[in-house]
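Enquirer: From the sequence below, what's the structure:
(one chain, ligands or ions: 1)
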Amino acid sequence: MQLSTKHLLGIKELSPEDITTILATAQQFKEVLQRPVKKVPSLRDVTIVNLFYENSTRTRISFELAEKRLGADTINFSASGSSVSKGETLLDTVNNILSMKVDMVVMRHSASGAPHFLSKHLEGIPIVNAGDGINEHPTQALLDAFSIQEKTGTLKDKKILLIGDIMHSRVALSNIYLLKKMGAQIMLSGPPTLIPKHITEAFDIRVEYNLTKALQWCDVANVLRIQLERQNQVLFSSLREYNLAYGVTQHKLKHINKEIIIMHPGPINRGVEIDSDVADSGQSIILQQVENGVAVRMAVLYLLAEKKSNN
Ligand code: CP
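Expert: Just a heads-up that it's a prediction; the model follows:
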């Protein structure tokens, strides 16, 4: 199966068939990654630039590893230490890099829509969104879906709870698009100030402000980071009070009568949105999510390269 799209700008632009194709391809790459020789030459002679205008640990390393596992040549660009500080525009920076015969761009940017902007100005170069502002983080949602499917067998009808800072979370928006398209049930929980009505109304999503009740409802709880760096006003009283009301703690989990799966995209604020004894427990699949990220990103890069060569 071929993807319907030339870029991965967001889950919004993918069809359910695209998502199924990416997850099935990721499964094949996951099997490759279990072998003693973890490399396949699928992207030999393809050069990919990882263009990071915003900090990252997981996504950046995961893309670089995925590219190397596929045999691609990779270049890593950080805005800090580059000529961006001298006033060079995004488009000039990218055009200069592309003139050195680069074939694909992976980009993280603090501005929502930055990869969409690039895709309109570059001819024939697949763009992969590695997180744009508060808009989308499509490969995170894909690796989350892969991890849920791996653990539970299916996404359809699964009860997925997203907890916390929905307002500033590109992970939340990409997860909502994907879970809706794949037939999962979604609930949101968190302070009312961090759950915008435009999201709950647009997607017709249930909200439960009592976290213990929400945890009782779900099969899987995806705990989101409180993004203090994106909040320019006070949206809850204190981190301690946030932890008391909306932190996922062993105390709250003991009050529900089933074992749910705990996820977090990282980085974790331990003791704020999740306690260490939950993050490090047997219920948590946080590190499996990171592991699965490499196979999912291999699938995305492979399928976009295939789409480009067939056009
Ligand atoms: N989950 C995630 O995007 O983490 P990084 O910011 O470290 O890439």
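Enquirer: how about the nearest residue to residue 255 once chain neighbours are set aside, phi and psi?
Expert: Among residues not flanking residue 255 along the chain, residue 212 sits closest, at 5.1 Å (CB to CB, 6 or more residues apart in numbering). C-betas here are computed from N, CA, C, even on glycine. Note on residue 212: backbone dihedrals following degrees, to the nearest 10 are phi -60, psi -40.
Enquirer: For burial, what's the neighbour tally of residue 190?
Expert: 28 (other CB atoms under 10 Å).
Enquirer: What of the one 10 residues further on?
Expert: Taking other CB under 10 Å as the criterion, the count of residues near residue 200 is 16.
Enquirer: ok, the residue in the chain sticking out farthest from the centre to residue 79 distance?
Expert: Going by CA atoms, centre = their mean, the residue of the chain most distant from its centre is residue 86, 30.8 Å out. Distance, residue 86 to residue 79, by CB to CB, to the nearest Å: 12 Å.
Enquirer: Figure out how far stretch 75-85 is from the centre of its chain.
Expert: Relative to the chain's own centre, stretch 75-85 is displaced by 23 Å; criterion: CA atoms, centre = their mean, to the nearest Å.
Enquirer: Show the pLDDT at residue 230.
Expert: Per-residue pLDDT puts residue 230 at 66.
Enquirer: does the residue nearest to residue 255 really touch residue 251, like I thought?
Expert: No: Residue 212 lies out of contact with residue 251 (CB atoms under 8 Å); the separation is 9.4 Å.
Enquirer: Whichever residue of the stretch 151-300 of the chain sits closest to the ligand sits in which helix or strand?
Expert: The stretch 151-300 of the chain approaches the ligand most closely through residue 265 (4.0 Å), counting by CB to the nearest ligand atom. Assessed by DSSP states H and E, residue 265 sits outside every helix and strand.
Enquirer: neighbours around it, how many?
Expert: Applying other CB under 10 Å, we find 27 residues neighbouring residue 265.
Enquirer: what's it in contact with, if anything?
Expert: Counting by CB atoms under 8 Å, 6 or more residues apart in numbering, residue 265 touches 58, 137, 140, 144, 171, 222, 224-225, 289.
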